[in-house]
Each structure stands twice: as C-alpha cells, then as structure tokens.
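> show me how the following folds:
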Amino acid sequence: QVLLVESGGGLVQAGDSLRLSCAASGRTFSSYIMGWFRQAPGLEREFVAVINWRNITTNYSDSVKGRFTISRDNAKNMVYLQMNSLKPEDTAVYYCAATQTWTTQSGAYFYWGQGTQVTVSS
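Below is the predicted model of the structure:
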C-alpha cells in the first residue's frame, strides 16, 4: 500500500515556475515507477511525466518536454515535478501516481494522490 500526498500548487503568472512535491508512505516506495498526470476542467486526465525507480529513466508528454522535470528522492520517499515557463494551458489539477509498469497510461497506475491545483494566469 502506498499513500500519496501532493503539495506545491498555486496561482502563478505565465512564465513563472512551480515545484510540485509528492510525499509517499510505505517502505516499498522505491520499487514503484512514479508518474505525474493532470486534469483540466472538462477534459480527461492526461499524462505529464514518469520516472523509473532508479531515478534514471524519464519520459514526458510533448506538451511539457523541455519545460518540466520529474525527479525523485527514494531516501525521502518524495517525487517532484519542477515546472518552468508555465503557460495558461498548464492550468489543471496535478496528480502523482504509482505503478509497477513502465507506461504513460493512467489506467495502469493503482495508487493516486488527491491532487494539487495549478492555475496559470496570462
């Protein structure tokens, strides 16, 4: 069992940066592949970024590639999403999630946090 709690969201202006954090409970955290997803009002949840358990391999959606960076600290049971050059279209609720499959498909993730709101004004 893994409990995930996101934090770090807020209201920022276009071009600003934010760092989201995801605190995980559970001694097996380091064995999970961790992902970030987001969901804007009226839209489906979409993949943002994923990182493997060794903190080596990452993958990003095209919409955030070059602007967002995912990282993790297994010693602290933390996952981060550094978001730079934010755009109004990045406005969404951001979720961290855990899986044991290398995938961008939300259906394969079986632990989810409650989400944190990110709002980017123009």
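
> make it CA atoms for all contacts and neighbour counts henceforth
Noted.

> report pLDDT for the most centrally placed residue in the chain.
A centroid search over the chain (Cα atoms, centre = their mean) returns W36, at 2.4 Å, as the residue closest to the centre. Note on W36: pLDDT of 98.

> cool, N77 as well?
93.

> coming back round to it: distance of the residue nearest to the centre of the chain from S122?
23 Å (Cα to Cα, to the nearest Å).

> does D16 count as helix, strand or coil?
Under the three-state scheme (DSSP: H, G, I helix; E, B strand; the rest coil), the conformation of D16 reads as coil.

> and it, what pLDDT?
98.

> that one and S106, how far apart?
D16 is 27 Å from S106, by Cα to Cα.

> compare neighbour counts for those two and give me the winner.
S106 (17 against 14; other Cα atoms under 10 Å).

> how about the contacts made by the more buried one?
F37, R45, E46, F47 (Cα atoms under 8 Å, 6 or more residues apart in numbering).

> quick one: the second one from R27, how far?
The gap separating R45 from R27 is 28 Å, by Cα to Cα.

> separation between G107 and Y94?
Taking Cα to Cα, one finds G107 at 16 Å from Y94.

> and the contacts of S106, which of them are in strands?
Secondary structure from DSSP state E places F37, E46, F47 of the contacts of S106 in strands.

> and which of these is nearest N74?
Proximity of those to N74 (Cα to Cα) peaks at F37, which lies at 19.8 Å.

> which residue, other than its chain neighbours, is closest to the closest one?
F47 (4.5 Å; Cα to Cα, 6 or more residues apart in numbering).

> I figured that neighbour hits A108, correct?
No: F47 lies out of contact with A108 (Cα atoms under 8 Å); the separation is 11.6 Å.

> higher neighbour count, the two?
More neighbours surround F47 than the other of F47 and A108, with 22 against 14 (other Cα under 10 Å).

> more neighbours, R45 and R27?
Between R45 and R27, R45 has the larger neighbour count (other Cα under 10 Å), namely 17 against 11.
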